[in-house]
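J.: Here is my input; please provide its structure:
(2 chains)
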Amino acid sequence: MNIQEDCAEKRIIKIKLCTKKDITPLFFIVLQEGVFVKTQVGQSVRTVLKDIFNINDELIEKRISTILLDGKVVDDIDSVIIKENSSLSISGAMPGLAGATMRRHSKYETFRTAITYIEKKDPYPVKTCCFAIKIFNILLVELAKKLLKQGIILHAYQLRQLFSEKKDRLKDYINYAYINETKVKPSDSWGFMEKYINDDRYLIYLNIKTSGEEEDDC
Amino acid sequence: MDKIIRINMSKEPAPEIKITDMKGYEGLGGRGLTSAIVFKEVPPLCHPLSSENKLVIAPGLLSGTMAAMSGRISVGYKSPLTGGIKEANAGGQPSQMLARLGYAAIVIEGKLKGEDLYRVFINKDGVKIEKDNSLKMLGNYETVERMKREYGQKISCISIGPAGEMRLAGSSIACTNTELRPTRHAGRGGVGAVMGSKGVKVIVIDDEGTNMREPKDRERFRQANAKFIEGLRRHPVTGEALPAYGTNVLTNILNEAGGYPTYNFREGRFTGAAKISGETEAALETERGGVATHGCHRGCVIRCSGIFHDKDGRYLTKQPEYETVWAHGGNCGIDDIDKIAMLDFLDDDIGLDTIEMGVTVGVAMEAGLIKFGDADGAIELIKEVKKGTPLGRIIGSGALVTGRIFGVDKVPVVKGQALPAYDPRAVHGIGVTYATSPMGADHTAGYAVATNILKVGGFVDPLKPEGQIELSRNLQIATAAIDSTGMCLFIAFAVLDQPETFEALLEMLNAFYGLKLTGDDVVNLGKNILTMERTFNRLAGFTKEQDRLPNFFKKEPLPPHNVTFNVTNEELDQVFNW
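T.: As a prediction, this is how the structure comes out:
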């Protein structure tokens, strides 16, 4: 499966869930494993973070203390660029010497020079495509809901695995589902969803909103 | 806290107890005291299980006071695992109780003739030692249950399991937590084997009728403690991440950075990491009615521990720590948190160091004894230790012995002790500490204390490649000093970033003892401790050749970043040049 080809709408099934209560914690496991987001890459880490989470500089500085791009520690979030197929991980403050070492501009950054991200000087075009994101630590509580509201893309198998473990709880919480922008009754929603999540050809664009907290369409 | 309990197990017809003063050891506590006693009183060339070795158990300088986080207890000895001097420390209740009773240390010396087993009881009326062979080969949990039945619920216990009685080099000493469960362990170096060699199964401490230790300047101490607590609560690590997820919150980030040793240090990433992460573990604990935020001793304000329930909602073990989850988890290719929790329980009950056991099982997997990922096989291997079978005794003796017996050439140890959960090929600076610490591979030897605040060794330029040598040196010095206070090392995160929190810690020491300690004095304390430890090791036969990582870290690139450990031997030899 080529993630960029599939991200270009070919095999994306759009599922929007309107839920009676906040079900974000059920998605913490897949957010740790990694999901995709579609946005303009070729921009700095800071710009992309602001775009996809709709957050300001203060929150980035105070709360997102550790950032890894393609498994390497990012110090300067203004010069490092997110690219097509990048994998970005973000975390709040981490314990231990290792945790302190992984922080941006850590006093101990010489401890991890082997895994510090060095940006190449080559120019990189701005374009819309998918990249992977992982969220760890206290940021799951603080940012996951914002990301789910913006929408994430994940493999059908990821959602299948999640639903198989949490189905009963999830069922009770759904008000409405929209599948490919068609509203589906709660009683029918599982049948429709299962059709797609059981087929590994698909990527699922998942968008979750909570009734009473979001727009009128929920 | 001006008395030392000395128990001579060689005396006949019964062990002899003496209470002595602090002469020669005034002003010392925790690791400072344990290392000083071992350095002065234990012949460096003695056999660690002989009558000449001593087991020294010491609360920290601030233990038993109102100071938050002051519940660590240090245990010093010559190690049967490394052959050098050793300090292992633990949380739990014994440190506070022993300090309130006025004891700066318990020194167990000599050796029994025969195979009898003893228990020691300490309260405000004195110290008693009694033969109790009914405790033989009991697990730590059952031992503590029996002590509760006999002495009540308001005690704390320091005990060994069957591994310590069998004098295995991977054995630990258990300390009870606030619920009187034997879950906090002085784990490293085979400390349980030394207690077992002395014939002591359990030390029961009852502090009823005692009060908090009184500072010289009560008001100044109270204010400094309040400032210290405020600093811990304000810091995002000690105030948020650790209480919410515990130390295991490190799993995801180390894994993502490619520094999470997987399949016996073959790879730096584990595909099942998210299933065993601190975030996942905490959610599961809450869902099952356990506790995700819990202190291991009274006066802990970070509360990084937790209580883990099984699938049926029954207590299984405390929240497995990052090192445990890594050692038994990713290192062995196991991604089932329930199985890892079971391994944690077995280690605690049998009295085994979880890091040593996880790495040993990884080496056994490397040897083909069982397959990577075989969680049930790993559980059976640990159960073999309790049974005392030949295989169990091999496993319980640690990674080095297991590697030798099964012909494995890839054994991740330094000075005979298993490496913890950070691959030194990805994080070179931690590798410097692993290689050079007098303790053997130890992640807490150079943990983190504000280098720039202490200004140890002058300013370190982070852009210079040699910065990691100086940093490792400074961190080891500072850590040795902190280990003397009885403070949990996790305070380091706040002290690291907030100079006023470090000042508050110094102020507490000064207000309590009526001193005028400065940062320089703390540095000198740390240097003195390390000098004693290094000297002991030198006299025990160590040379600079022991300050090295296994060669495969230099030769075998670690995926995914394909990095190797490239710090030279010449650089490593500079760490202790001060």
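J.: element containing B:Met108?
T.: For the record, residue B:108 is Ile, not Met. Using DSSP states H and E, B:Ile108 sits within strand B:103-109.
J.: Parallel or antiparallel, which strands does that strand pair with?
T.: Sheet pairing of strand B:103-109 (DSSP bridges) gives strand B:3-8 (parallel), strand B:55-59 (antiparallel).
J.: so how many other residues sit close to the residue in the stretch 451-578 of chain B positioned nearest to chain A?
T.: Per C-beta to the nearest C-beta, B:Gly467 is where the stretch 451-578 of chain B lies closest to chain A, at 3.8 Å. To be clear about C-beta, it is placed using only N, CA and C from the backbone, and glycine gets the same treatment. Applying other C-beta atoms under 10 Å in any protein chain shown, we find 19 other residues in the vicinity of B:Gly467.
J.: got the residues of chain A near chain B?
T.: Within chain A, the positions near chain B by C-beta under 8 Å from any C-beta of the partner chain are A:25, A:28-29, A:32-33, A:63, A:65-66, A:68, A:71-73, A:89, A:91-102, A:107-115, A:134, A:136-138, A:140-141.
J.: Now the phi/psi pair for B:Arg534, please.
T.: Note on B:Arg534: backbone dihedrals following degrees, to the nearest 10 are phi -70, psi -40.
J.: which residues touch the longest helix along chain A?
T.: Scanning chain A for the longest helix, with DSSP state H as the assignment, gives helix A:156-173. For helix A:156-173, the external contacting residues (C-beta atoms under 8 Å, 6 or more residues apart in numbering or on different chains) are A:13, A:19-21, A:23, A:26-27, A:29-30, A:33, A:35, A:190, A:193-194, A:196-204, A:206.
J.: quick one: that helix to chain centroid distance?
T.: Remark: helix A:156-173 is offset 18 Å from the chain centroid, using C-alpha atoms, centre = their mean, to the nearest Å.
J.: what about the helices in the stretch 451-578 of chain B?
T.: Taking DSSP state H, counting those that start in this stretch to define them, one finds helices in the stretch 451-578 of chain B at B:451-454, B:467-482, B:492-497, B:499-513, B:519-539, B:552-555, B:569-572.
J.: For chain A, just list every one of the strands.
T.: Taking DSSP state E as the test, the strands found in chain A are A:12-19, A:35-41, A:66-69, A:72-73, A:87-91, A:127-135, A:152-155, A:174-179, A:182-184, A:203-210.
J.: The third one pairs with which strands, parallel or anti?
T.: Strand pairing for strand A:66-69, determined by DSSP bridges: strand A:72-73 (antiparallel), strand A:87-91 (antiparallel).
J.: Off-centre distance for the first one?
T.: Here strand A:72-73 shows a centroid-to-chain-centroid distance of 18 Å under the convention C-alpha atoms, centre = their mean.
J.: Could you dump the strands of chain A into a markdown table and include mean pLDDT, distance to B:Arg119 and mean neighbour count?
T.: As requested, those are exported to a markdown table (pLDDT from 0 to 100; distance: least, C-beta to C-beta, whole Å; neighbours: other C-beta atoms under 10 Å in any protein chain shown):
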| stretch | mean pLDDT | distance to B:Arg119 | mean neighbour count |
| --- | --- | --- | --- |
| strand A:12-19 | 90 | 58 | 20 |
| strand A:35-41 | 94 | 56 | 20 |
| strand A:66-69 | 97 | 47 | 23 |
| strand A:72-73 | 97 | 50 | 22 |
| strand A:87-91 | 98 | 46 | 23 |
| strand A:127-135 | 95 | 50 | 20 |
| strand A:152-155 | 93 | 57 | 22 |
| strand A:174-179 | 86 | 59 | 18 |
| strand A:182-184 | 87 | 68 | 13 |
| strand A:203-210 | 89 | 58 | 21 |
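J.: Can you list the low-confidence ranges for the chain?
T.: Reading this off chain A. Confidence mapping of chain A against pLDDT under 70 gives the ranges A:1-2, A:6, A:8-10, A:214-218.
J.: not quite, I wanted chain B
T.: Scanning chain B with the threshold set as pLDDT under 70 gives B:446-466, B:496.
J.: Give me the domain ranges for it.
T.: B:3-206, B:247-418, B:428-572 (automatic domain parsing).
J.: So for A:Val126, which of the ones you listed sits nearest?
T.: Smallest distance to A:Val126 across those (C-beta to C-beta): 25.8 Å, for domain B:247-418.
J.: From one end of that closest one to the other, what's the distance?
T.: End-to-end distance of domain B:247-418: 19 Å, with C-alpha to C-alpha, to the nearest Å as the criterion.
J.: gap between it and the chain center?
T.: Centre-to-centre, domain B:247-418 and its host chain are 15 Å apart (C-alpha atoms, centre = their mean).
J.: quick revisit: indicate which one of the strands of chain A is closest to B:His294.
T.: That would be strand A:87-91 among the strands of chain A, by C-beta to C-beta, at 22.6 Å.
J.: what's the angle from the closest one to strand A:127-135?
T.: When axes from the mean of the first three to the mean of the last three C-alpha atoms, to 10 degrees is applied, the directions of strand A:87-91 and strand A:127-135 differ by 40 degrees.
J.: got the contact list for strand A:87-91?
T.: A:34, A:45, A:48-49, A:64-71, A:82, A:102, A:131-137, A:139, A:143, B:252-253, B:256.
J.: In helices, which of the residues of chain A next to chain B fall?
T.: Counting by DSSP H, the residues of chain A next to chain B contribute A:28-29, A:32-33, A:63, A:96-102, A:140-141 to helices.
J.: Would you check which pair of those residues lies furthest apart?
T.: A:Ile29 and A:Leu97 (27.5 Å).
J.: And those two? Which one has more around it.
T.: Between A:Ile29 and A:Leu97, counted using other C-beta under 10 Å, A:Leu97 has the larger neighbour count: 30 against 20.
J.: from memory the more buried one sits against B:Asp442, does it?
T.: No - applying C-beta atoms under 8 Å, one finds A:Leu97 not in contact with B:Asp442, separated by 11.3 Å.
J.: residue of chain A with the smallest distance to chain B?
T.: Nearest to chain B, among the residues of chain A, is A:Phe111, at 2.6 Å (C-beta to the nearest C-beta).
J.: and that residue, what is it in contact with?
T.: Contacts for A:Phe111 (C-beta under 8 Å, 6+ apart) come out as A:Leu97, A:Thr101, B:Val427, B:His428, B:Gly429, B:Ile430, B:Gln468, B:Leu471.
J.: Can I get those in a markdown table including distance to A:Asp57?
T.: Shown next, in a markdown table, are those (distance: C-beta to C-beta, whole Å):
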| residue | distance to A:Asp57 |
| --- | --- |
| A:Leu97 | 28 |
| A:Thr101 | 24 |
| B:Val427 | 29 |
| B:His428 | 32 |
| B:Gly429 | 30 |
| B:Ile430 | 32 |
| B:Gln468 | 31 |
| B:Leu471 | 30 |
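J.: about what we covered before: could I get the strands paired with strand B:103-109 as a markdown table with mean neighbour count?
T.: Formatted as a markdown table, the strands paired with strand B:103-109 follow (neighbours: other C-beta atoms under 10 Å in any protein chain shown):
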| stretch | mean neighbour count |
| --- | --- |
| strand B:3-8 | 19 |
| strand B:55-59 | 29 |
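J.: okay, how far is it across stretch B:91-111, tip to tip?
T.: 27 Å.
J.: So for it, what gets flagged as buried?
T.: Neighbour counts using 16 or more other C-beta atoms under 10 Å in any protein chain shown place B:91-101, B:103-111 of stretch B:91-111 among the buried residues.
J.: Then stretch B:336-347?
T.: Applying 16+ other C-beta under 10 Å to stretch B:336-347 flags B:Ile337, B:Lys339, B:Ile340, B:Ala341, B:Met342, B:Leu343, B:Asp344, B:Phe345, B:Leu346, B:Asp347 as buried.
J.: which one of the residues you listed sits closest to chain A?
T.: Among those, B:Ile337 lies closest to chain A (C-beta to the nearest C-beta), at 11.5 Å.
J.: give me every residue that touches the closest one.
T.: Contacts of B:Ile337 by C-beta under 8 Å, 6+ apart are B:Lys275, B:Ile276, B:Thr280, B:Glu281, B:Leu284, B:Pro320, B:Val325, B:Gly329.
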